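S.K.: Predicted model and sequence follow; I will ask about them next.
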Amino acid sequence: MVEIGYAIAPEFRRRGYARATLAELLRRAATEPAVTTVRATIAPDNVASLATISGFGFVEVGEQWDEEDGREIVFEVPARSVPPA
């Protein structure tokens, strides 16, 4: 399993960079035979990131507590899934 993360500078948000980054991270994970699952953890109030992963097949699998970010929702998707273009 690999856990992915991304951040977009505020002045570049709402231009599709996060979605393009996520698609490329998923493509890259799919090329690694040892990777079977891709995980993303997102704070429940991070509406932008929750919207970004929608449509990529991620499924909520639980929650965790992050010392820095607090409560996070854990999402996973099979590494071999093909992201939308």
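M.R.: Yep, it's here. Numbers count the residues shown, from 1 in each chain.

S.K.: Doesn't residue 39 lie inside a helix?
M.R.: No: assignment of residue 39 by DSSP: H, G, I helix; E, B strand; the rest coil gives strand, placing it outside any helix.

S.K.: Let me know how buried it is, in neighbour terms.
M.R.: 15 (other Cβ atoms under 10 Å). Where you see a C-beta, it was placed from the backbone N, CA and C, and this is true even at glycine.

S.K.: same thing with residue 29?
M.R.: Residues lying near residue 29 (other Cβ under 10 Å) number 20.

S.K.: Check which helix or strand it maps to.
M.R.: helix 17-30 (DSSP states H and E).

S.K.: could you give the mean pLDDT of that helix?
M.R.: Helix 17-30 comes out with an average pLDDT of 93.

S.K.: With stretch 76-85 instead?
M.R.: 74.

S.K.: Show me where the chain has its helices.
M.R.: 17-30, 47-53 (DSSP state H).

S.K.: Select, out of these, the one closest to residue 76.
M.R.: Across these, residue 76 has its closest neighbour in helix 47-53 (10.5 Å, Cβ to Cβ).

S.K.: residues of the closest one that come out buried?
M.R.: Of all the residues in helix 47-53, those buried under the rule 16 or more other Cβ atoms under 10 Å are 49-50, 52-53.

S.K.: okay, it in CSV with CA atoms only?
M.R.: Presented in CSV, the C-alpha positions along helix 47-53 are these (Å, rounded to 0.1, in the frame of the first residue of the first chain):
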residue,chain,number,x,y,z
VAL,A,47,-14.4,19.9,1.2
ALA,A,48,-12.0,20.6,-1.7
SER,A,49,-10.0,17.4,-1.2
LEU,A,50,-13.1,15.3,-0.6
ALA,A,51,-14.4,16.6,-3.9
THR,A,52,-11.1,16.0,-5.6
ILE,A,53,-11.0,12.3,-4.8
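
S.K.: Fine, thanks again, bye for now.
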